[in-house]
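In: Sequence below, structure please.
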Amino acid sequence: MELNKSQKLVCLLQRMAEPGGISAEDAVDEFDLDDRTLRRYLADLRGIQVPVIDEGRGADRVLSLRPSFGRRGVQLSLLELVSLHFGRTLFDFLKGTGFAEDMDDALERISAWSGGGDGSSAGLVDDMDRKFMAVPEHAKDHTQDADVLDDILTALLRQNPVEALYARVGGPVRTYRLHPYTLAHWKQGLYLFALDADEGRVKTYAVDRFRAFSRARGETFEYPENYDPQSLVEDCFGIIGGQVTELRLAFTRQVAPYVRERIWHRSQRVEPQGDGSIELTMRVGISPELEAWLLGFGPNMKVLAPERLRDRIRRLHAEASQA
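Out: This is a model prediction of the structure:
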């Protein structure tokens, strides 16, 4: 279809608004223009206060728009902008994946949209990466999971069933038929809550242990109305479930302040003792995560109940001392 001048102008504006803009050569070819007409179109756009960027020469000449164009309604305070930058640093473990690139692009655009038309915040956002930081934890390496992550996100949004190869810790690689329900973040790692279609129950899968992940593009599953991801972890000490048990733990006065200042589980109750120590009770699933946490306190923690957990922690300490 042959376009008139108004239509060409609108289409050119749309192409210039795309990420990276459009080369002048492509604009001339795509809209059947000559150099003089292109200059006149750009002058018309500038005449109605469209922030045109015209950079480069010859084959390297690119036409684009300032990121703030058409975004004047988006305004953030300086502290809101700082909060976004600070929040971004919490996800540095995703560096090298499409997740991180998308977050960086979004933050860059938001920063440009909000940016200081009145000049009031000029210079205040300099060196933000050094003024605010998140000290890295022991993170999982997701740089090799970019393709799997893209497929997981697409399957989640489109509700596609998937067939996946998954390597359990200490077990063989198996094929699973899954319905992805939730992508969860825990201790610098990503986990997928998905229905095992063969067993009929929701399980937790570490994203970095998928060896293949293939979604059925032409199929969809029904997302259950009564599904609540919070219910999967409410009795966990972390993200891995186990047999739910009432625990009674004693902590010496040396570590009591550290234990008291954190919420370890929603069911916890803390009872101070006369000598400065504390007793902590909570109802949680016994799992490797819980055991590792208890072992980390060494002689400053004793399991009062249940007896089987006390015996296991004692045995693990003894084995560690003989290594």
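
In: Counting residues, name the longest strand you see in the chain.
Out: Of all the segments assigned as strand in the chain under DSSP state E, the longest by residue count is strand 173-186.

In: Pull the residues that contact that one.
Out: Contacting residues not belonging to strand 173-186 are listed as 91, 152-153, 155-156, 159-168, 190-198, 202, 204-205, 207, 211, 221, 223-224, 227, 229, 233, 238-239 [CB atoms under 8 Å, 6 or more residues apart in numbering]. For every residue, glycine as well, the C-beta is placed using N, CA and C.

In: List buried residues within those.
Out: Buried residues within these, counting neighbours by 16 or more other CB atoms under 10 Å: 91, 152, 155-156, 160-162, 164, 166, 190-195, 202, 204-205, 207, 221, 233, 238-239.

In: Break the protein into its domains for me.
Out: Taking automatic domain parsing as the domain assignment, the ranges for the chain are 5-65, 78-131, 143-227, 243-322.

In: residue boundaries of the strands in the stretch 151-300 of the chain?
Out: Residue ranges of the strands in the stretch 151-300 of the chain, as given by DSSP state E, counting those that start in this stretch, are 162-167, 173-186, 189-196, 201-206, 210-215, 243-251, 269-272, 278-286.

In: Let me have these in CSV, adding mean pLDDT and distance to Phe69 as columns.
Out: Conversion of these to CSV gives the following (pLDDT from 0 to 100; distance: least, CB to CB, whole Å):
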stretch, mean pLDDT, distance to Phe69
strand 162-167, 96, 40
strand 173-186, 95, 33
strand 189-196, 94, 35
strand 201-206, 94, 43
strand 210-215, 94, 36
strand 243-251, 96, 55
strand 269-272, 96, 55
strand 278-286, 96, 53
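
In: Do I have it right that Ala146 meets Lys95?
Out: No - counting by CB atoms under 8 Å, Ala146 stays clear of Lys95, with 10.9 Å between them.

In: any weak-confidence spans in the protein?
Out: 1, 68, 70-76, 109-126, 323 (pLDDT under 70).

In: helix/strand/coil for the most far-flung residue of it relative to its centre?
Out: In the chain, counting by CA atoms, centre = their mean, Arg36 sits farthest out from the average C-alpha position, at 48.0 Å. The three-state assignment at Arg36 reads helix, by DSSP: H, G, I helix; E, B strand; the rest coil.

In: quick one, what contacts it?
Out: Here Arg36 is in contact with no residue (CB under 8 Å, 6+ apart).

In: ok, how many other residues are close to Ala139?
Out: Around Ala139 there are 14 other residues, counting by other CB atoms under 10 Å.

In: Renumber starting at 683 from here on
Out: From this message on, residue numbering opens at 683, which makes the last subject Ala821.

In: backbone phi and psi for it, please?
Out: The main-chain torsion angles of Ala821 are listed as degrees, to the nearest 10 and equal phi -90, psi 160.

In: isn't it right up against Gln870?
Out: Yes - at 3.6 Å, Ala821 and Gln870 qualify as touching, with contact defined as CB under 8 Å.

In: Overlap of the contact sets of the two?
Out: Applying CB under 8 Å, 6+ apart, one finds that Ala821 and Gln870 are jointly contacted by Phe775.

In: Can you tell me what sits against stretch 889-897?
Out: Looking at stretch 889-897 with CB under 8 Å, 6+ apart, the contacting residues turn out to be 822-824, 826-827, 829-831, 833-834, 836-837, 840, 842-851, 855, 865, 871-874.

In: What segments of the stretch 883-1005 of the chain are helices?
Out: Listed in chain order, the helices of the stretch 883-1005 of the chain (DSSP state H, counting those that start in this stretch) span 911-915, 938-942, 970-977, 989-1004.

In: Tell me which of those helices sits most buried.
Out: Mean neighbours per residue, mean count of other CB atoms under 10 Å, is largest over those for helix 970-977, with a mean of 16.

In: This completes my enquiry, with thanks.
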